[in-house]
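>>> here is a sequence with its predicted model. Questions after.
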Amino acid sequence: MIVRIFRVEIDPATRSAFEAGFQSLSVDAVTQSPGNLSCEIGMPTRWSPNTYAMISRWRDEDALVAFAGPEWNVAVIPAGMERFGKTYSVEHYVINDDPAAEPRNAADLR
């Protein structure tokens, strides 16, 4: 399994419109993709009042490639949402589903 952490910093003047689109367009794009196992939204805190996160879990690399393309280390922004973000970042982590298995690392991914 691969965990994908997408972060976006927005202009606070667009908060209401961004949140509506993030909860619908962005979440729908992820959850309707084959191989997506889960999707959670992280709301801002007082330390990062304009930064949101989406934490999604994916069956494997093939599922991420189907969703984001061969360069799946780049943010996927649904049409209409690109106007909100000031900065974007994406990180990935391999989760070992079998505790008895040897640890995996990024070198195991293409």
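The structure has been received and is ready for your questions. Numbers count the residues shown, from 1 in each chain.
>>> neighbouring contacts of stretch 62-74?
For stretch 62-74, the surrounding residues in contact (Cβ atoms under 8 Å, 6 or more residues apart in numbering) are 2, 4, 30, 33-36, 58, 61, 76, 90, 92. To be clear about C-beta, it is placed using only N, CA and C from the backbone, and glycine gets the same treatment.
>>> the residues you listed, buried ones only, as a ChimeraX selection?
Of the contacts of stretch 62-74, the buried ones can be selected in ChimeraX as follows, counting by 16 or more other Cβ atoms under 10 Å:
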select :2,4,30,33,35,36,58,61,76,90
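>>> so which of the contacts of stretch 62-74 are in helices?
Filtering the contacts of stretch 62-74 for membership in helices, criterion DSSP state H, returns 30, 61.
>>> mind picking the two most distant members of the contacts of stretch 62-74?
P34 and V90 (19.4 Å; Cβ to Cβ).
>>> hang on, the earlier thing: would you format the contacts of stretch 62-74 as CSV with pLDDT and distance to E19 included?
Putting the contacts of stretch 62-74 into CSV (pLDDT from 0 to 100; distance: Cβ to Cβ, whole Å) gives the following:
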residue, pLDDT, distance to E19
I2, 97, 26
R4, 97, 20
V30, 94, 16
S33, 95, 21
P34, 96, 27
G35, 96, 26
N36, 97, 21
W58, 97, 24
E61, 96, 31
V76, 91, 18
V90, 96, 20
H92, 97, 25
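>>> ok, the contacts of stretch 62-74 vs P12, which is closest?
Using Cβ to Cβ, the contacts of stretch 62-74 come closest to P12 at V90, 22.2 Å.
>>> residue contacts, the closest one?
Contacts of V90 were listed using Cβ under 8 Å, 6+ apart, and they are 4-7, 73-75.
>>> and these, which of them are buried?
By neighbour count, with 16+ other Cβ under 10 Å, those hold 4, 6-7, 75 as buried.
>>> now, the most widely separated pair of these?
The farthest-apart pair in these, when distances are taken by Cβ to Cβ, is R4 and R7, at 10.8 Å.
>>> where do the strands sit along this protein?
Taking DSSP state E as the test, the strands found in the chain are 2-10, 36-42, 51-58, 85-94.
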